[in-house]
Each structure stands twice: as structure tokens, then as C-alpha cells.
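Enquirer: here is a sequence together with a model predicted from it:
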Amino acid sequence: MADEISGKLGKNTFVKTASVLERLSGWRLYLLMFFSGVLAVFAFAPLHLVFLLYPAFSILIFVLLAQKSFKRAFIIGWWWGGGYFAAGLYWVTMALLVDAESFAWLIPFAIFGFAVGFGLFVAIAAGLSYKFAKNSPASAVLLFAASWAVLEWVRSWLLTGFPWNLLGSVWAFSDNALQGAAFIGTYGLGLLTVIAASAPVVLFRGKIKFAILGILIPATLFAVGAVRLADAQTENVDGVRLRLVQPNIPQRDKWNRDLLQSHLLSQIEMGAGEAANGKAPTHIIWGETQAPFFLAEHQPWIEKIASQTPGGGLSIIGAPRRLSGDNEPFSVANSMLVIDADQARITNTYDKFHLVPFGEYVPLSDILPMEKITSGTGAFTPGPGITTMNLKGLPPVSPLICYEVIFPLAVAKSDPVSGARPKWLLNLTNDAWYGKTQGPHQHFALSRMRAVEEGLPLVRVANSGISGVVDGYGRVVAKAPLGARAIVDADLPKEIAQTVYSSIGNAIPLGLAIFLAIGGIVVAKCERKKCE
């Protein structure tokens with residue numbers, strides 16, 4: 001009886017709402033879609049208003065079901081995606097204000113590019129859902145969620161990839177909810193999140209059982225996480241104490257030659273400062289390009305840094321590194337340099353391999369009439385790829401610079417002979433380009449996702465924050481806030497057992513997406529035949 005009443009109410013509500021949406025056409029409908037996409041962005045760090053995903057995705061699916069053609073559904077999805085990516089990536093344009101005279105004019109074009117370009121991914125998902133759902137709400141939810149997950153994966157590698165703000169990272173506010181990434185990855189978490197957020201749509205057709213997924217999925221994520229973390233202790237590596245140096249140097253001043261000496265001396269002083277809690281650091285770590293010159297070619301500075309590094313330990317520093325010889329074309333890498341305290345020399349280097357478009361090189365540079373927006377002329381040269389480094393006094397580490405840390409399954413590599421994996425991840429970055437916007441908070445959240453996926457602790461050192469140490473469960477052990485001059489002294493957590501996701505890879509979330517897509521098509525056929 002209750003289901004019958006609910007069904008009648010649901011159908012009546014659907015008809016009335018559909019009637020309103022038919023009248024809400026043209027630019028009014030497009031604005032509704034755009035701002036529904038904007039609404040979803042509030043679920044990401046630092047706000048994590050995850051409940052706003054429910055109206056954001058439900059409105060999208062509901063409107064899709066009211067369309068009369070694939071083309072209309074595609075356009076509706078494009079407008080929603082435009083709002084989602086314009087609002088979610090607006091902070092990137094803050095980098096254009098560092099040299100506003102040269103680059104500020106690009107801001108509206110950049111935001112428009114994010115909206116139109118990345119919005120296509122949502123448009124494709126919307127079009128596919130409409131085509132195969134056949135006016136079935138449950139089918140539309142399953143097909144859209146499956147398409148969303150697959151297209152997030154495509155976005156991570158297409159045209160070098162940009163998997164920023166994968167939807168699964170909205171759960172970074174909760175240690176418990178994050179644990180699902182150890183099994184199905186961030187793509188899988190995103191798939192389940194879309195289903196949960198879209199499930200209320202089926203209430204308009206009286207399908208109460210399916211709508212329960214809106215509550216059941218988040219509850220399951222929290223429950224699974226609680227079980228996984230119930231007896232999980234953070235164990236630390238013996239004899240290792242890290243000091244993370246966060247000098248908070250404004251980006252406008254960082255490459256100022258007149259301030260170079262004072263900036264370096266300030267960071268050396270921070271690294272050599274008094275030990276916290278009486279535990280002296282063994283290793284000092286600076287952020288990305290915190291020595292903004294060819295440090296490897298200046299032995300006096302290397303000796304100065306070595307003299308203030310704990311005996312028997314290392315200083316790890318981000319700096320550009322010249323790769324070319326005197327008679328070769330100029331070539332420079334964005335690098336990590338390791339300085340040995342006892343030998344007063346650089347013993348190891350790592351070169352960033354996944355470069356930032358327009359920041360470290362200009363795509364289609366032969367066509368586009370512009371230079372990269374960072375200091376210096378010419379593009380950076382990419383390094384050879386993911387590597388595991390063996391550093392004195394430390395477990396084997398996988399170094400990552402800047403946004404290299406945002407790519408799932410591309411942050412750690414097993415030895416091809418022994419099969420041994422690194423024991424921790426080290427991310428040097430510089431988020432000072434983006435000020436106190438959402439960008440640095442989102443970057444930190446995405447870094448935590450890699451720790452959970454891999455079961456590896458992560459150490460992150462940023463010029464302006466957020467610097468911190470995360471254990472293999474993604475739990476924050478220590479951190480410095482955004483926009484603060486600070487040091488972080490912390491032990492290095494041990495790795496935990498290799499995760500299911502790290503072992504099997506994207507076959508899990510992509511397989512789940514394919515299974516749900518098939519299920520969605522079957523549901524649509526059944527509903528057309530009026531079968532249960």
C-alpha cells in the first residue's frame with residue numbers, strides 16, 4: 001500500500017516537475033545546469049559539503065530524463081560540466097596574476113577553456129546515459145555513474161592527463177570513508193559516489209528500494225573504513241626523524257635575484273633550528289625549487305647547506321638542474337637534489353617527468369604564440385620516469401614533484417627484478433602560485449588518496465603549505481597549515497601491506513563500471529517490458 005501511494009505521489013511529482021522543466025527552457029535551463037555543476041564543487045576540499053552532491057547530481061539526471069534527443073542531453077551535460085570544472089579549477093588562474101602584466105589577460109580564456117574542454121567529459125557521460133537509459137531513472141543513474149568513472153580514468157591520461165578533483169576525493173574529510181580507495185581506488189569511490197548522489201531521482205518513479213542506495217553506499221563506506229582502522233596502528237621507522245621546511249616565500253619574491261641569498265639563509269636556519277620535543281631531526285627536506293638557481297653548480301652553497309645538516313644525514317632540496325653541456329642545446333630539469341652532510345656533495349638527483357602544461361612547457365609551442373608562465377625561458381626537459389631511490393639512512397623512496405602525485409597508480413614502481421616496492425612517497429611541491437585558495441587544500445587531499453591506494457606513507461613538503469606527513473592509511477600524522485612559515489618535525493611511518501587496488505589496478509573500478517553499465521541497459525529493457 002505504501003509503495004503504491006509512494007508510486008502515485010512520485011509519478012505526480014515527476015509529471016509536475018517535468019512540466020516546470022519544459023517551461024524552463026533556453027538560457028534558464030542552461031543556467032540551472034551550470035550552477036548545479038558549481039554546487040557539486042563545494043563537496044571538495046576544504047569545505048567537503050558532500051551532501052550538496054545529492055541535489056547537484058539528482059538535478060542533472062532528472063533533467064536528462066526530461067530531454068527529447070541525444071543532442072539535448074549532450075548539451076545539458078556540457079553545461080553542467082562547464083559549471084563543475086570552471087568552479088573547480090578557477091584557482092589555477094591565480095598563477096596568471098603572479099606576473100599580471102604579462103598573463104592576466106588570459107584568465108577569462110583559461111576559465112572558458114576549463115569549462116568547455118573538461119565539460120565535454122560530462123557531456124559524453126550524459127549523452128551515453130540518455131541514449132541507453134530509455135527514460136528509466138534507475139538505468140540512467142547506473143549508466144551515468146559507469147560512464148563517469150570510465151571518463152575520469154580517460155581524463156587521467158588523455159593528452160598527458162589531468163585527473164584533478166576525481167570525485168572520490170570528496171571523502172578526504174573522513175579517515176574511515178577514505179579506506180575504500182585501498183580496494184577500488186579513487187575511480188571506484190567516485191563511481192559509488194555518483195550512484196549515491198543520483199539515487200534520489202528514482203523516488204519520482206516510486207522506486208524506493210533503489211533510492212536507499214543514497215544512504216546505504218555512504219554508510220557502507222564508513223563501516224568498511226571503521227573496520228579497517230579499528231586496530232590499525234601507525235608504526236614508525238627506527239632512527240629516522242624528518243624536518244619539513246615550509247618558508248612561505250611569496251611567489252613574486254621567490255625568483256627575485258636580490259632576495260635569493262636571504263631566502264636560502266632563512267631556510268638553512270629553519271632546517272638547523274632547535275629540535276621539537278627533544279628529538280633531533282636526521283633529515284631535512286625543502287620544497288620544490290626552493291633553491292631557485294642551479295644549486296648543483298655552486299659548491300659554496302652546497303657546503304653551507306651540508307654544514308647545517310645533521311651529521312650522518314641528508315638535506316633534500318628542490319632546485320632546477322642544468323642537463324646540457326657547454327656545446328649542447330640548453331636543457332634544464334625540475335629536480336630534487338640530495339646533499340650528504342658528511343661528504344658535502346650531491347649524491348642523488350631526481351628529475352620531474354610529468355610536466356605541467358603552460359607552467360613547465362607549452363603544448364603545441366610551434367603554434368601557440370606564448371611562453372610558459374613560470375620564470376626562465378624555454379621549456380623544462382622531462383626526466384626518465386618513476387623511480388625508487390635508495391638514500392642514506394632512509395627506506396627506499398619514490399620521489400614525486402608537484403602534481404605528479406595526483407595520478408593514481410603512477411606514483412610508485414616495483415623493481416622489475418626483485419619486485420620490491422618503495423617504502424614511502426616523497427612529494428616536493430610549490431603551491432604558492434595559488435595563494436590561499438581551494439587549490440592547495442585539494443592538492444593535499446589528492447596526495448592522501450595516493451597513500452591510501454598504495455598503502456604507503458607520504459611526506460609532502462610545500463613552500464607555502466600544506467606540508468605534512470600521512471601514514472599508509474591516509475591519516476594525517478603531522479602538518480603545517482596553508483600560508484604559514486613553519487617547520488614540521490615528524491617520524492616517518494612504516495608502510496603497510498600492499499593494497500588490493502595497488503596489486504590489481506584499474507581492472508577493479510573499470511570492471512565494476514562495465515558491470516553496472518550492462519546492468520543499467522538490462523534494467524532499461526526490463527522497465528520497458530514492465531518486468532521487475
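Expert: Right, received. Where do you want to start?
Enquirer: where does the prediction get shaky in this protein?
Expert: 1-23, 204-207, 364-378, 530-532 (pLDDT under 70).
Enquirer: could you pull out the buried residues of the helix or strand where Ile305 lies?
Expert: Secondary structure from DSSP states H and E places Ile305 in helix 299-307. Across helix 299-307, burial judged by 16 or more other C-beta atoms under 10 Å covers Trp301, Ile302, Ile305, Ala306. For the C-beta atoms, the positions are set from N, CA and C on the backbone; glycine is no exception.
Enquirer: which other residues reach the helix or strand containing Ala87?
Expert: For Ala87, the host element (DSSP H and E) is helix 70-89. Here helix 70-89 makes contact (C-beta atoms under 8 Å, 6 or more residues apart in numbering) with 29-30, 33-41, 44, 60, 63-64, 67, 111-112, 114-127, 129-131, 164-165.
Enquirer: go again using 6 Å as the cut-off
Expert: With contacts defined as C-beta atoms under 6 Å, 6 or more residues apart in numbering, helix 70-89 is touched by 30, 33-38, 40-41, 60, 63-64, 67, 111, 114-115, 118-119, 122-123, 126-127, 130-131, 165.
Enquirer: how about the buried residues of helix 299-307, which pair is most distant?
Expert: Farthest pair in the buried residues of helix 299-307 (C-beta to C-beta) is Trp301 and Ala306. Separation: 9.5 Å.
Enquirer: torsion angles phi and psi at Thr347?
Expert: Per-residue torsions, Thr347: phi -100, psi -20 (degrees, to the nearest 10).
Enquirer: do you know how far the closest residue to Glu303 other than its chain neighbours is from Glu274?
Expert: Among residues not flanking Glu303 along the chain, Ala344 sits closest, at 4.8 Å (C-beta to C-beta, 6 or more residues apart in numbering). Counting by C-beta to C-beta, to the nearest Å, the gap from Ala344 to Glu274 is 23 Å.
Enquirer: tell me which of the two has more neighbours.
Expert: Ala344 (15 against 8; other C-beta atoms under 10 Å).
Enquirer: the more buried one and Val338, how far apart?
Expert: Ala344 is 12 Å from Val338, by C-beta to C-beta.
Enquirer: show me the residues around Asn348 that make contact.
Expert: Asn348 touches Val338, Met389, counting by C-beta under 6 Å, 6+ apart.
Enquirer: I'd say Ala272 and Thr309 touch.
Expert: No. Here Ala272 does not reach Thr309: they are 7.9 Å apart, not a contact under C-beta atoms under 6 Å.
Enquirer: for the stretch 251-400 of the chain, what spans make up the helices?
Expert: 251-254, 260-271, 299-307 (DSSP state H, counting those that start in this stretch).
Enquirer: nearest to Lys279, out of the ones you listed?
Expert: helix 260-271 (15.0 Å).
Enquirer: what is the closest one packed up against?
Expert: In terms of contacts (3 or more C-beta pairs under 6 Å, 6 or more residues apart in numbering; DSSP states H and E), helix 260-271 is packed against strand 236-246.
Enquirer: dump the C-alpha coordinates for the helix holding Ile305 into CSV.
Expert: Extracted in CSV, the C-alpha atoms of helix 299-307 (Å, rounded to 0.1, in the frame of the first residue of the first chain):
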residue,chain,number,x,y,z
GLN,A,299,79.7,24.3,-4.3
PRO,A,300,79.9,27.0,-1.6
TRP,A,301,76.2,26.9,-1.1
ILE,A,302,76.2,23.1,-1.1
GLU,A,303,78.9,23.2,1.6
LYS,A,304,76.9,25.7,3.6
ILE,A,305,73.8,23.5,3.5
ALA,A,306,75.8,20.4,4.3
SER,A,307,77.3,22.1,7.4
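Enquirer: what sits up against that helix?
Expert: Residues contacting helix 299-307 (C-beta under 6 Å, 6+ apart): Ser315, Ile339, Ala341, Ala344.
Enquirer: same thing but at 10 Å, please
Expert: The contact list for helix 299-307, computed with C-beta atoms under 10 Å, 6 or more residues apart in numbering, reads 260-261, 264-265, 267-268, 271-272, 284, 286, 291, 293, 295-296, 298, 313-315, 317, 319, 337, 339-346.
Enquirer: helix or strand: which one has the spatially most central residue of the chain?
Expert: Residue closest to the mean C-alpha point of the chain, counted by C-alpha atoms, centre = their mean, is Leu446 at 3.5 Å. In the assignment (DSSP H and E), Leu446 maps to helix 438-454.
Enquirer: mind checking which of the contacts of helix 299-307 are in strands?
Expert: Counting by DSSP state E, the contacts of helix 299-307 place Ile284, Leu314, Ser315, Ile317, Ala319, Leu337, Ile339, Asp340, Arg345, Ile346 in strands.
Enquirer: residues touching the nearest residue to Ser156 once chain neighbours are set aside, list them.
Expert: Leaving aside its chain neighbours, Ser156 sits nearest to Pro163 (3.7 Å; criterion: C-beta to C-beta, 6+ apart). Pro163 makes contact with 152-157, 169, 186-187, 403, 406-408, 410, 446 under the criterion C-beta under 10 Å, 6+ apart.
Enquirer: same question for Val488.
Expert: Contacts of Val488 by C-beta under 10 Å, 6+ apart are 242-246, 276, 285, 459-461, 465, 467-469, 477-480.
Enquirer: count of neighbours near Asp258?
Expert: 7.
Enquirer: what segments of the protein are strands?
Expert: Counting by DSSP E, the strands of the chain are 236-246, 283-285, 314-322, 332-340, 345-351, 397-401, 424-429, 458-462, 467-470, 476-480, 486-493.
Enquirer: put together a markdown table for the ones you listed, with distance to Leu53 on each row.
Expert: A markdown table is the format used below for those (distance: least, C-beta to C-beta, whole Å):
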| stretch | distance to Leu53 |
| --- | --- |
| strand 236-246 | 32 |
| strand 283-285 | 36 |
| strand 314-322 | 36 |
| strand 332-340 | 35 |
| strand 345-351 | 38 |
| strand 397-401 | 29 |
| strand 424-429 | 27 |
| strand 458-462 | 26 |
| strand 467-470 | 24 |
| strand 476-480 | 23 |
| strand 486-493 | 31 |
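Enquirer: can you give me the distance of the nearest residue to Trp153 once chain neighbours are set aside to Pro408?
Expert: If the residues on either side of it in the chain are set aside, Trp153 comes closest to Tyr187, at 5.5 Å by C-beta to C-beta, 6+ apart. With the distance defined as C-beta to C-beta, Tyr187 ends up 7 Å from Pro408.
Enquirer: start to end distance for stretch 96-104?
Expert: 5 Å (C-alpha to C-alpha, to the nearest Å).
Enquirer: run the chain-centre distance for it.
Expert: Centre-to-centre, stretch 96-104 and its host chain are 25 Å apart (C-alpha atoms, centre = their mean, to the nearest Å).
Enquirer: quick one on the thing from earlier: just the ones of the contacts of Pro163 in helices?
Expert: Members of these lying in helices (criterion: DSSP state H): Glu152, Trp153, Val154, Arg155, Thr186, Tyr187, Leu446.
Enquirer: re earlier: residues touching the residue nearest to Trp153, list them.
Expert: 148-153, 156, 163, 166-168, 181, 408-409, 453, 501, 506, 508-510, 512-513.
Enquirer: repeat that with 7 Å
Expert: By C-beta atoms under 7 Å, 6 or more residues apart in numbering, Tyr187 lies in contact with Ala149, Glu152, Trp153, Leu166, Gly168, Pro408, Asn506, Pro509.
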